[in-house]
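Asker: got a sequence here, can you build the structure:
(one chain, ligands or ions: 2)
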Amino acid sequence: MATAAAASLVADASNGSTTYDRMKAIKEFDEAKIGVKGLSDSGADTIPEFFRHPQSSLSDLKPVRTSVAKGIPVIDLSSLNDLAQRPKIVQQVKDAAKTWGFFQVVNHGVATSVLDSTLEAVKNFHELPHEVKSKYYKREEFGGVMYTSNNDLYRSSAACWHDSIQAWLSPMPLNEEDLPEVCRKEVVAWNGHVKGVGEAVMELLSEGLGLDKGKFKELSFPDVRVFVGHYYPYCPQSDLTMGITSHTDPGVVTVLLPNEVKGLQVRHDGEWVEIEPVHGGLIVNVGDFLQIVSNGEYRSVEHRVIANGSKEPRVSAVVFFNLYRWREGDVYGPLPELVSADRPAIYRDFTKEEFNSNFYSKGLDSKSFVDKIKIVN
Ligand SMILES: O=C(O)CCC(=O)C(=O)O
Ligand SMILES: [Fe+2]
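Answerer: Ligands and ions are numbered 1, 2, ... in the order given. Presented below is the predicted three-dimensional model:
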């Protein structure tokens with residue numbers, strides 16, 4: 001049944017643009033609940049038209065070839081608790097957050113076997129039979145567990161070639177029974193591990209701003225975690241679409257665990273640089289909120305994922321540390337400790353409502369919140 005739905009979707013794509021009813025095609029795809037994986041599995045050698053991105057956004061698909069040495073910084077956390085070594089690590093994290101907005105951490109204390117089983121669990125979920133997986137298919141704003149294909153399906157200018165499963169880990173009391181059985185144990189375990197890594201990184205980031213080690217924790221930055229398990233199946237026309245279009249992450253930091261299939265690129269000095277994951281490492285990036293509270297010291301940098309042209313699926317387990325504990329009527333903005341006559345605030349204060357409404361209403365490719373609240377002299 002999944003295959004029949006996929007076949008009719010692909011047939012629609014070749015109808016010719018005059019008769020192509022884009023909304024109808026999107027709705028059919030959504031209602032079939034087959035995900036992009038279902039389209040990929042159908043064996044079609046073309047993609048539905050609503051996955052095709054405008055030529056303008058495809059023209060710079062090829063990244064700059066980069067050696068590991070030229071890529072995002074790799075930071076060794078093994079001597080984190082050595083007081084003589086720590087300042088050096090703080091400096092590395094600070095430099096990376098200021099320039100690239102991205103870095104990889106190695107020797108972070110989580111066993112490679114745990115990383116591997118987390119990715120395997122995400123993969124196993126996405127490779128469940130249609131009858132089982134489709135029960136989780138939803139298209140709602142947040143809460144609980146949700147498997148979806150393209151968050152922005154109805155709003156964005158073009159769909160992206162990937163599926164994902166999302167779960168609120170904290171502080172929503174995650175009802176473990178709600179998680180699909182095939183990845184339940186691993187997602188729950190990952191929540192514990194990633195919290196530890198996130199806290200350690202946030203302490204370094206906090207120190208890098210000249211603040212107390214515990215400042216971010218005090219501000220509850222490690223407390224809100226959303227898990228997203230992405231799956232980028234083989235795409236038969238990977239040069240016509242994207243895995244995820246260029247965007248910045250809205251929250252504090254993101255901790256990303258990728259499998260070995262490449263595809264993630266980060267914008268650096270006006271060029272797209274491919275990230276080469278170090279096996280056993282984790283990728284960390286600064287989100288918009290951290291750029292704002294750091295008064296622009298740290299940078300939330302655009303990144304994207306190329307559609308996967310290899311037969312091996314690309315899998316990533318992403319945890320977003322977001323902000324949550326807004327006090328009623330409070331406003332947020334650059335931390336007062338980081339604002340002075342020499343370094344005036346470059347962002348205005350904003351409310352929770354403003355932040356959330358921007359987050360929920362913008363398509364992945366529209367203007368960022370950071371730009372909207374920038375103070376222009
Ligand atoms: O899958 C990836 O490597 C990146 C995902 C990503 O950028 C995101 O979910 O915000
Ligand atoms: Fe992202």
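
Asker: surely His193 meets His108?
Answerer: No - between His193 and His108 there is no contact under Cβ atoms under 8 Å: 9.0 Å. In short, each C-beta sits where N, CA and C put it, glycine included.

Asker: who's more crowded, the two?
Answerer: Neighbours were counted for His193 and for His108 using other Cβ atoms under 10 Å; His108 has more, 23 against 20.

Asker: near ligand 1, which residues of the stretch 101-250 of the chain?
Answerer: Counting by Cβ under 6 Å from any ligand atom, the residues of the stretch 101-250 of the chain close to ligand 1 are 228, 230, 244, 249.

Asker: which of those sit farthest apart?
Answerer: His230 and Asp249 (13.0 Å; Cβ to Cβ).

Asker: got a list of what Val90 touches?
Answerer: 204, 207-208 (Cβ atoms under 8 Å, 6 or more residues apart in numbering).

Asker: to clarify, my last question referred to Tyr231.
Answerer: Tyr231 makes contact with 36-37, 122-123, 126, 162-164, 313-315 under the criterion Cβ under 8 Å, 6+ apart.

Asker: name the residues that touch stretch 347-358?
Answerer: By Cβ under 8 Å, 6+ apart, the residues outside stretch 347-358 that reach it are 250, 289, 292, 295-296, 326, 330-334, 369-370, 372-375.

Asker: cross those residues against strands and list the overlap.
Answerer: Among these, the members falling in strands (DSSP state E) are 331-332.

Asker: derive a PyMOL selection command for the buried subset of the contacts of stretch 347-358.
Answerer: In PyMOL syntax, the buried subset of the contacts of stretch 347-358 is picked out as below (16 or more other Cβ atoms under 10 Å):
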select buried, resi 250+289+292+295+296+332+333+334+369+370+373
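
Asker: ok, Phe350 - how many residues close by?
Answerer: By other Cβ under 10 Å, the residues close to Phe350 number 16.

Asker: rounded mean pLDDT for stretch 55-66, please.
Answerer: Mean pLDDT, stretch 55-66: 75.

Asker: one more: stretch 177-184?
Answerer: Rounded mean pLDDT across stretch 177-184 is 94.

Asker: again with stretch 32-43
Answerer: Stretch 32-43 carries an average pLDDT of 97.

Asker: what's the answer for stretch 338-358, then?
Answerer: On average, stretch 338-358 scores 90.

Asker: check stretch 122-141 too.
Answerer: Confidence for stretch 122-141, expressed as mean pLDDT, is 92.

Asker: give the buried residues for that stretch.
Answerer: Under the neighbour-count criterion of 16+ other Cβ under 10 Å, stretch 122-141 has 122-126, 128, 130, 133-134, 136-137 buried.

Asker: what does stretch 93-102 give?
Answerer: Across stretch 93-102, burial judged by 16+ other Cβ under 10 Å covers 93-94, 96-97, 99-102.

Asker: now, which of those lie within helices?
Answerer: Among these, DSSP state H puts 93-94, 96-97, 99 in helices.

Asker: and ligand 1, which of the residues you listed contact it?
Answerer: Restricting these to those touching ligand 1 (Cβ under 6 Å from any ligand atom) yields no residues.

Asker: identify the farthest-apart pair in those residues.
Answerer: Val93 and Thr99 (11.3 Å).

Asker: tell me which residue of the stretch 201-350 of the chain lies closest to ligand 1.
Answerer: Proximity of the stretch 201-350 of the chain to ligand 1 (Cβ to the nearest ligand atom) peaks at Ser316, 3.5 Å away.

Asker: which residue ranges of the stretch 101-250 of the chain form strands?
Answerer: Here the stretch 101-250 of the chain has its strands, by DSSP state E, counting those that start in this stretch, at 102-106, 145-149, 163-170, 224-232, 242-247.

Asker: parallel or antiparallel, list what pairs with the fourth one.
Answerer: Meaning strand 224-232. Applying DSSP bridges, strand 224-232 is found paired with strand 163-170 (antiparallel), strand 314-322 (antiparallel).

Asker: would you turn these into CSV with distance to Ile47 and mean neighbour count?
Answerer: Formatted as CSV, these follow (distance: least, Cβ to Cβ, whole Å; neighbours: other Cβ atoms under 10 Å):
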stretch, distance to Ile47, mean neighbour count
strand 163-170, 14, 23
strand 314-322, 16, 25
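
Asker: looking at the ones you listed, which has the lowest confidence?
Answerer: strand 163-170 - the lowest mean pLDDT of the strands paired with strand 224-232, at a mean of 92.

Asker: that one: how far from the chain's middle?
Answerer: A distance of 11 Å separates the centroid of the chain from that of strand 163-170, by Cα atoms, centre = their mean, to the nearest Å.

Asker: put the alpha carbons of the host helix or strand of Ser357 into PDB.
Answerer: Here Ser357 sits within helix 352-361, counting by DSSP states H and E. What follows is helix 352-361, C-alpha atoms only, in PDB (Å, rounded to 0.1, in the frame of the first residue of the first chain):
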ATOM      1  CA  LYS A 352       9.000  34.700  25.400                       C
ATOM      2  CA  GLU A 353       5.900  35.300  23.200                       C
ATOM      3  CA  GLU A 354       8.100  37.100  20.600                       C
ATOM      4  CA  PHE A 355      10.700  34.300  20.600                       C
ATOM      5  CA  ASN A 356       8.100  31.500  20.400                       C
ATOM      6  CA  SER A 357       5.900  33.100  17.800                       C
ATOM      7  CA  ASN A 358       8.900  33.700  15.600                       C
ATOM      8  CA  PHE A 359      10.100  30.100  16.100                       C
ATOM      9  CA  TYR A 360       6.700  28.600  15.300                       C
ATOM     10  CA  SER A 361       5.800  30.800  12.400                       C
END
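
Asker: can you check what angle separates that helix from strand 314-322?
Answerer: Inter-element angle recorded for helix 352-361 and strand 314-322: 160 degrees (by axes from the mean of the first three to the mean of the last three Cα atoms, to 10 degrees).

Asker: just to revisit the earlier point, if you rank the contacts of Val90 by neighbours, which is first?
Answerer: In terms of neighbours by other Cβ under 10 Å, the contacts of Val90 top out with Leu204 at 24 neighbours.
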